[in-house]
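> sequence and computational prediction follow.
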Amino acid sequence: MNEHVALMTKFYDALGRRDWQTMADCYAPDAVFNDPAFGILQNGDPQLMWEMLCTQAKDIRIRFSDATADEAYGTGKWVANYSFSRTGRPVENHIKAYMRFANGKIIEHTDEFNLYKWSRMALGLPGLLLGWSGFMQRKIRQTALGSLEKFKAQKAAGSK
């Protein structure tokens, strides 16, 4: 196993344990993240997103597989099983991860998954009827980013 496959494995093993500190340590401080739910995150927000998701998750199971990497890039597949916090509905999200590395850290991370399939599982009937639409997908992103902003504000208030 090369060092980047080991880093990716460490990252997803930590996610399965809800160990956001280890996940944050796998990222470079200026890492960039992108996925269909949050869009592009940077300036420390990727690390905060994982902290938020890990601390708020009640149940999560992660299966990571098919990792390949060279000196700069890596890919892998992962499946997340959890109950969506807003509805309690079970989700099984199949995700393809793309990562770029420098100096032993993740500097770019893109997770690709079908947001419509996710919305059908997580939201039920509204996701089934509207999850394919740009309107609903923008609403999902606005809600995700709003949750992250609220989490950041709570952390900032708690550190004063």
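That came through, no problem.

> report the longest helix in this structure, please.
The helix spanning the most residues in the chain, taking DSSP state H as the definition, is helix 134-158.

> can you pull the contacts of the residue most central in space within the chain?
Against the mean C-alpha coordinate of the chain, by C-alpha atoms, centre = their mean, the closest residue is Trp50 at 6.4 Å. The contact partners of Trp50, taken as C-beta atoms under 8 Å, 6 or more residues apart in numbering, are 15, 20, 23-24. Any C-beta I mention is one placed from the backbone N, CA and C, and that applies to glycine too.

> could I get these as CSV with pLDDT and neighbour count?
Shown next, in CSV, are the contacts of Trp50 (pLDDT from 0 to 100; neighbours: other C-beta atoms under 10 Å):
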residue, pLDDT, neighbour count
Leu15, 96, 22
Trp20, 96, 20
Met23, 97, 24
Ala24, 97, 19
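
> all strands of this protein, in order?
For the chain, the strands defined by DSSP state E occupy 27-35, 39-41, 60-69, 73-83, 90-102, 105-112.

> quick one, the fourth one and strand 60-69 angle?
So the one you mean is strand 73-83. 170 degrees (axes from the mean of the first three to the mean of the last three C-alpha atoms, to 10 degrees).

> helices or strands next to strand 73-83 in the packing?
helix 3-16, strand 60-69, strand 90-102 (3 or more C-beta pairs under 8 Å, 6 or more residues apart in numbering; DSSP states H and E).

> okay, now the sheet partners of that strand, with direction.
Using DSSP bridges, strand 73-83 pairs in its sheet with strand 60-69 (antiparallel), strand 90-102 (antiparallel).
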